[in-house]
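>>> with the input below, show me the fold.
(2 chains)
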Amino acid sequence: MARWDRIAGWVLVGVATFGVWGALRLPIGRPSSPEPGFVPLVEAILLGLAGSALIAQTRKAPSDKTVPWPTGEARRMVLHLAVALTAYVFLMWILGFVPSTFLFVLVAVGAWRRYSWWVSTVYAAGVTLLLQLTFRVALGMPLPSGLLGLF
Amino acid sequence: METIQNLLFGFSIALQLQNLFFCFVGSLIGTLIGVLPGLGPAATMAILIPFAAGLPPTAAIIMLAAIYYGAMYGGSSTSILLNIPGEAASVVTCLDGYQMARQGRAGPALGISAISSFIAGTVALFGLVFLAPVLVDVALRFGPPEHFGLLVLGLSVAVSLAGESLPKGLASAALGLMLAAVGIDPQSGLTRYTFGVVNLMGGFDVVVVVVGLFAIAEVLSNAETPAFEIFKGKIAGFWPNRKDLRDSAAPIARGSFVGFLLGLIPGVVPPVITFVSYDLEKRCSKHPELFGTGRIEGVAAPEGANNACTGSGMIPLFVLGLPTTASLAVLLGALMIHGLQPGPMLFEQQKEFVWAVLASMYVGNVMLLVLNLPLIPLWVSFLRIPYPLLGPAIIVICVIAAYGVRNSLFDVWIMLGFGLLGYAMRKLEFPAIPLIIALILGDRLENALRQSLTLSRGSLVVFVESPIALGFLATAAVSIGFSLYYRYQSRGVSATTHG
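Presented below is the predicted three-dimensional model:
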């Protein structure tokens, strides 16, 4: 955990540095009349201090805990879902809600390797249809049609 | 007298057909969410906010509030039947509830859980109804320094109580504050941290962030674990016997009291409150060694505590605009979306709305008592939906909710980003609650600070001159101090134990 905490600490310091830079691009003003950059500057400094404290903590009293990152099959599952979800959002931009949702559910159910392709396909089609009818038709919510405007 | 009149007026609105319907829908969804492990009330409420945006504010908030306290009722069912808490607040119910189920006493365990929740919810509501107007009078005297002090206190307590590492809690809160700064500065109209990206001018929507941090992260976490065994036993005889009721009376009272008091404090989340209540019950018992073997007191007290705190948590939310949990932070977001600014002026300017919501909580408690007991076989049947089928459907609903906020795929990308961040935060033990609370309170904190400094011409003495503001800030400092001390002590004990 100590190694990962140190990495996290440096990431936070990096984000804080970026925050300070972003705040300094704005008018800071004075304490008597603070302007838009004043409070974000304080917040970024606070984040930097928290990150530094975390780094210092790992040096003074390193934790002997390990980070429970998934391994083996569990890791495969998480990666499979994360990649599928990323592809889903991208495909939705191109294809729209219906085809991308069908494909995502099909691939996501397949991640568990518990059902045949036939069952997964029927389930994916059913879920897509149900959600399309519920949200787009019944509730009148606009859903993405995609660049191709298929549905 | 005026309070009673207001409450009766509130009931007259809460009992209107439309509001009754949405209270019922919220209670049903809340119970279902509580039963199904994986999707908590905060994420569900966030998902439903875009759908509730088209409803009248009273009906929308009644429904969302019902989801919150409904989830507390539902979470205990899986704790008792499966030894898997449906909600984090129901973890402690597993200890004795599951043992009771194994002894063939699942019915009385479920029954006393529902009864305890109902009584505690009723007690909390009466406490809320009589305490809130008193606090409103106090809060009306707050100026910018007092508001700033209060918000700092709220954040500090959330930071000091969340997780084992104070720097991690502080980082989470600071990150939330920075995220709140993204967008257009309301005072000057200048854009901050948008870098020309038009979609960022509206800032990060709390619904999108909560759905990502909680729901998406939860699905990814659940993907790691194998499917659980579904309870196959028969559940019969929900009504506890006379001995059960006698043994539960004092625990329910103590649990309600503890839950109500601790629920007023920002950052003291329901899981902590239920553990405190369980621990208290064990200390009060003549046979503490029997806790964990199927004692009904071990179910009655924490279930009462967790429902009492959902009621008392509404007090700082409505009166001070200070959410004490992530779910209440989402409810605050919903109030603001509907153009309602929580705080003492809400009680003055939107009296009908406030008292209708408070009255609906009692109506909801009655509905939940009725729903939970006879419908338990139905809730259990939902548990039979395999997670490989449920998980992808949850993700798609999250995507729809994120898109529905501003009809923008950009928000869906943001949700995905926060989902991955939320997953990493869980692994690295960074608490998410300070981030959410800071995101929601960030704008108000900034306004209060800037106004205070402008009024005092830059002098920090303004926070010391006001006894209320000084009290809040001192309490915040004490809270952080105690947290540091406690952690230092724990590390010292651990070092001694491990040589």
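
>>> low-confidence ranges in the chain?
Just going to use chain A. Counting by pLDDT under 70, chain A has low-confidence residues at A:61-64, A:150-151.

>>> can you look at chain B instead?
B:37-38, B:84, B:86, B:162-163, B:226-238, B:267, B:383, B:488-499.

>>> return the set of buried residues in the longest helix along it.
In chain B, taking DSSP state H as the definition, the longest helix is helix B:106-139. In terms of neighbour count (16 or more other C-beta atoms under 10 Å in any protein chain shown), helix B:106-139 has its buried residues at B:106-125, B:127-129, B:131-132, B:135-136, B:139. For glycine as for every other residue, the C-beta is placed from the backbone atoms N, C-alpha and C.

>>> and that helix, what other elements does it pack with?
With contacts taken as 3 or more C-beta pairs under 8 Å, 6 or more residues apart in numbering or on different chains; DSSP states H and E, helix B:106-139 sits against helix B:2-14, helix B:57-82, helix B:91-102, helix B:242-263, helix B:297-312, helix B:314-315, helix B:344-349, helix B:351-372.

>>> how about the nearest residue to B:L200, chain neighbours excluded?
B:T194 (4.1 Å; C-beta to C-beta, 6 or more residues apart in numbering or on different chains).

>>> Three-state assignment for that neighbour, please.
coil (DSSP: H, G, I helix; E, B strand; the rest coil).

>>> residue ranges for the strands of chain A, please.
A:29-30, A:33-34 (DSSP state E).

>>> contacting residues for the residue lying closest to B:Q451 once chain neighbours are set aside?
Using C-beta to C-beta, 6+ apart and skipping the chain neighbours, the partner closest in space to B:Q451 is B:P144 (3.9 Å). Applying C-beta atoms under 8 Å, 6 or more residues apart in numbering or on different chains to B:P144 gives the contacts B:447-449, B:451-452, B:455.

>>> cutoff 7 Å now
If you count contacts by C-beta atoms under 7 Å, 6 or more residues apart in numbering or on different chains, B:P144 has them with B:448, B:451-452, B:455.

>>> ok, it to B:I468 distance?
12 Å (C-beta to C-beta, to the nearest Å).

>>> do the same with B:P431
When B:P431 is compared with B:I468 (using C-beta to C-beta), they lie 28 Å apart.

>>> for B:D244, the count of nearby residues, please.
21 (other C-beta atoms under 10 Å in any protein chain shown).

>>> one more: the one 4 residues further on?
Here the number of neighbours of B:S248 (other C-beta under 10 Å) works out to 26.

>>> now do B:R406
Quick note: B:R406 (other C-beta under 10 Å) scores 15 neighbours.

>>> and for B:L32?
For B:L32, using other C-beta under 10 Å, the count is 20.

>>> so what's it up against?
By C-beta under 7 Å, 6+ apart, B:L32 lies in contact with B:74, B:379, B:382.

>>> leaving out sequence neighbours, find the closest residue to the closest residue to chain A within the stretch 1-150 of chain B.
When scored by C-beta to the nearest C-beta, the stretch 1-150 of chain B has B:F51 as its residue closest to chain A, at 6.5 Å. Nearest-residue entry for B:F51: A:L139, 6.5 Å, with adjacent residues in sequence omitted and distances by C-beta to C-beta, 6+ apart.

>>> quick one, phi psi at the one you found?
Backbone torsions for A:L139, taken as degrees, to the nearest 10, come to phi -90, psi -10.

>>> mind saving the C-alpha coords of stretch B:415-425 as CSV?
Extracted in CSV, the C-alpha atoms of stretch B:415-425 (Å, rounded to 0.1, in the frame of the first residue of the first chain):
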residue,chain,number,x,y,z
MET,B,415,-19.4,9.5,-15.5
LEU,B,416,-17.1,6.9,-16.9
GLY,B,417,-14.0,8.8,-15.7
PHE,B,418,-15.4,9.1,-12.2
GLY,B,419,-16.4,5.5,-12.3
LEU,B,420,-12.8,4.4,-12.9
LEU,B,421,-11.6,7.0,-10.3
GLY,B,422,-14.1,5.7,-7.8
TYR,B,423,-12.9,2.1,-8.3
ALA,B,424,-9.3,3.2,-7.8
MET,B,425,-10.3,5.2,-4.7
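
>>> CA atoms only for stretch B:134-149 - export them in CSV, please.
Output of stretch B:134-149 as CSV, limited to C-alpha atoms (Å, rounded to 0.1, in the frame of the first residue of the first chain):
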residue,chain,number,x,y,z
VAL,B,134,-35.9,25.9,16.9
LEU,B,135,-32.9,25.5,14.7
VAL,B,136,-34.5,27.7,12.0
ASP,B,137,-34.7,30.6,14.5
VAL,B,138,-31.0,30.2,15.3
ALA,B,139,-30.0,29.8,11.6
LEU,B,140,-31.8,33.0,10.6
ARG,B,141,-29.2,34.9,12.5
PHE,B,142,-26.4,33.5,10.5
GLY,B,143,-24.3,35.8,8.2
PRO,B,144,-21.5,34.9,5.8
PRO,B,145,-18.9,34.2,8.6
GLU,B,146,-21.3,31.8,10.4
HIS,B,147,-22.2,30.1,7.1
PHE,B,148,-18.5,29.7,6.3
GLY,B,149,-17.8,28.3,9.8
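
>>> nearest to B:V210 among the contacts of B:L32?
B:V210 lies nearest to B:G74 out of the contacts of B:L32, by C-beta to C-beta, at 19.3 Å.

>>> okay, now the closest one: neighbour count?
Residues near B:G74, counting by other C-beta under 10 Å, number 29.

>>> returning to what we had before: pretty sure the residue nearest to B:L200 contacts B:M201?
Yes - the criterion here is C-beta atoms under 7 Å, and B:T194 meets it with B:M201 at 5.6 Å.

>>> which one's more surrounded, the two?
B:T194 (17 against 13).

>>> what sits against the more buried one?
Taking C-beta under 7 Å, 6+ apart, one finds B:182-183, B:200-201 in contact with B:T194.

>>> of the residues you listed, keep whichever come out buried.
Buried, going by 16+ other C-beta under 10 Å: B:182-183, B:200, out of those.

>>> quick one on the thing from earlier: any chance of TSV for the contacts of B:T194, columns distance to B:L473 and secondary structure?
Shown next, in TSV, are those (distance: C-beta to C-beta, whole Å; DSSP: H, G, I helix; E, B strand; the rest coil):
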residue	distance to B:L473	secondary structure
B:V182	27	coil
B:G183	27	strand
B:L200	32	helix
B:M201	33	coil
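
>>> closest one to chain A out of these, please.
Among these, and counting by C-beta to the nearest C-beta, the member closest to chain A is B:V182, at 9.0 Å.

>>> next one: the nearest residue to the closest one once chain neighbours are set aside from B:I119, what distance?
Nearest non-adjacent residue to B:V182, counting by C-beta to C-beta, 6+ apart: B:Y193, 4.5 Å away. For B:Y193, the distance to B:I119 (C-beta to C-beta) stands at 49 Å.
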